[in-house]
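Enquirer: what would the 3D arrangement of this be:
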Amino acid sequence: MTSTRALLNVGLLLLCGLPGVAQAQQTPAGETAAAAQVASPESAGAISGTILDATGAVVAGARVMLTRADQSAGQEALAGDDGQFTFTNVPPGQFQLTMAADGFATQTISGTLHPGETVAVPPIVLVVAAAETQVQVTLTGAALAEAEIKEQEKQRILGVIPNFYVTYDPEAAPLNAKQKFELAWKSSIDPVNFGITGAVAGIEQATNSFSGYGQGAEGYAKRYGANYADFLTSTFIGSAILPSLLKQDPRYFYKGTGTVRERLRYAIATAVICKGDNGRWQPNYSGIAGSLAAGAISNLYYPASNRGGVALTFENALIGIGSNALANTIQEFVIKKFTPHAANYAPAKP
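Expert: The predicted model follows:
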């Protein structure tokens, strides 16, 4: 009896459970059918459009890339001769079209495609790509020379004594007339040069040089004035006026390379030769004539007993050439080592 009831209960449970099992088995089948309906060809759509330029003319051969929000593989098409493109069998959902053509800026539009829909996007107008312009800024010769002058004005021996008339750039740009006068003016009014002039006048006073000036404050003032006049006339005539007229460079071009003999020969030679504004070496007419002119002018303010004739003027000019040769030699081998802000440039080409 008990066994019969147990069997009966099992049978009832089986009978009651079968509908649920059957229903559970039917649900996945229904979902599968629905999924099949979404992916069916009937749900796919199409996208088409026309690509134009700003004038309204069609842009043939433009590249069109179709991408979808679900990041599935994109499709690419080329616009035909009529500027039109078409994508078929496109699954529904959000999409993005990217258009590119040579000479035009890339453009992107987006939209949504519904199941079975055919979308004709409005005409797409491409704009001409902005031209990339490369500008090469090249300094003019005058601007280069001005920059070099700024460097030269920092050159002071032991950080104090001006050394403006030396360039360490073997290929330095030539100075124009205005720059030659500016350099002469800045050298003439430099406070250190005033001090050096005063020291020379003091030595002359102590040794009673140019005795016609006398002693005391008046004698010192005359010696100071004469020395400064010598410095001023030689600087402006020999380094500004004549170099401007004769188109010559008044600066010493530091060599810095080669054997000691080659550099020594170069330093001595530059007392009588100089670089022209054309970059070629030539006789230093402006320097030599400047010394003669300054010597001749000095006869106007030196004591009568110390004035010389033409012979003495030429003699002093020769002495000036010798002193320039010595000064250039010192520039070549010594001065740069004691000039804190001397610029470094590539050595001169052989």
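
Enquirer: where does pLDDT dip in the stretch 251-350 of the chain?
Expert: 346-350 (pLDDT under 70).

Enquirer: hmm, I typed the wrong one, I wanted the chain.
Expert: Judged by pLDDT under 70, the chain has its weakly predicted residues at 1-42, 71, 131-139, 346-350.

Enquirer: would you map the helices across this structure?
Expert: Assigned helices in the chain, in chain order: 2-38, 141-152, 177-188, 191-206, 216-236, 242-246, 260-269, 285-298, 310-333 (criterion: DSSP state H).

Enquirer: tell me what the third one is packed against?
Expert: Which is helix 177-188. helix 141-152, helix 216-236, helix 242-246 (3 or more CB pairs under 8 Å, 6 or more residues apart in numbering; DSSP states H and E). Placement of C-beta: from N, CA and C, glycine included.

Enquirer: pick the most buried one from these.
Expert: Mean neighbours per residue, mean count of other CB atoms under 10 Å, is largest over those for helix 242-246, with a mean of 20.

Enquirer: which strands and helices sit next to it?
Expert: Against helix 242-246 (3+ CB pairs under 8 Å, 6+ apart) you get helix 177-188, helix 285-298.

Enquirer: quick one: the closest residue to Leu232 other than its chain neighbours from Glu182, how far?
Expert: Nearest non-adjacent residue to Leu232, counting by CB to CB, 6 or more residues apart in numbering: Ser188, 5.6 Å away. With distances taken as CB to CB, to the nearest Å, Ser188 is found 11 Å from Glu182.

Enquirer: what does Gln205 give?
Expert: Counting by CB to CB, the separation of Gln205 from Glu182 is 33 Å.

Enquirer: which one of these two is surrounded by more residues?
Expert: Gln205 (21 against 16; other CB atoms under 10 Å).

Enquirer: okay, now the residue nearest to Glu146 when sequence neighbours are not counted: neighbour count?
Expert: Closest residue to Glu146 apart from its sequence neighbours, by CB to CB, 6+ apart: Gln179 at 6.7 Å. Gln179 has 18 neighbouring residues, counting by other CB under 10 Å.

Enquirer: domains in the protein, by residue range?
Expert: 43-126, 141-338 (automatic domain parsing).

Enquirer: for these, give me TSV that also has distance to Asn344.
Expert: Below are the domains of the chain laid out as TSV (distance: least, CB to CB, whole Å):
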stretch	distance to Asn344
domain 43-126	48
domain 141-338	7
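
Enquirer: for Tyr345, find the nearest of these.
Expert: Among the domains of the chain, domain 141-338 comes nearest to Tyr345, with 4.3 Å by CB to CB.

Enquirer: list the beta-bridge partners for Gln107.
Expert: Beta-bridge pairing of Gln107 under DSSP bridges involves Met99.

Enquirer: need the helices of the chain in JSON lines (columns: distance to Asp169).
Expert: Formatted as JSON lines, the helices of the chain follow (distance: least, CB to CB, whole Å):
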{"stretch": "helix 2-38", "distance to Asp169": "79"}
{"stretch": "helix 141-152", "distance to Asp169": "6"}
{"stretch": "helix 177-188", "distance to Asp169": "15"}
{"stretch": "helix 191-206", "distance to Asp169": "24"}
{"stretch": "helix 216-236", "distance to Asp169": "22"}
{"stretch": "helix 242-246", "distance to Asp169": "18"}
{"stretch": "helix 260-269", "distance to Asp169": "16"}
{"stretch": "helix 285-298", "distance to Asp169": "20"}
{"stretch": "helix 310-333", "distance to Asp169": "14"}
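
Enquirer: picking up where we left off before, what about the residue nearest to Leu232, neighbour count?
Expert: Neighbour tally, Ser188, other CB under 10 Å: 16.
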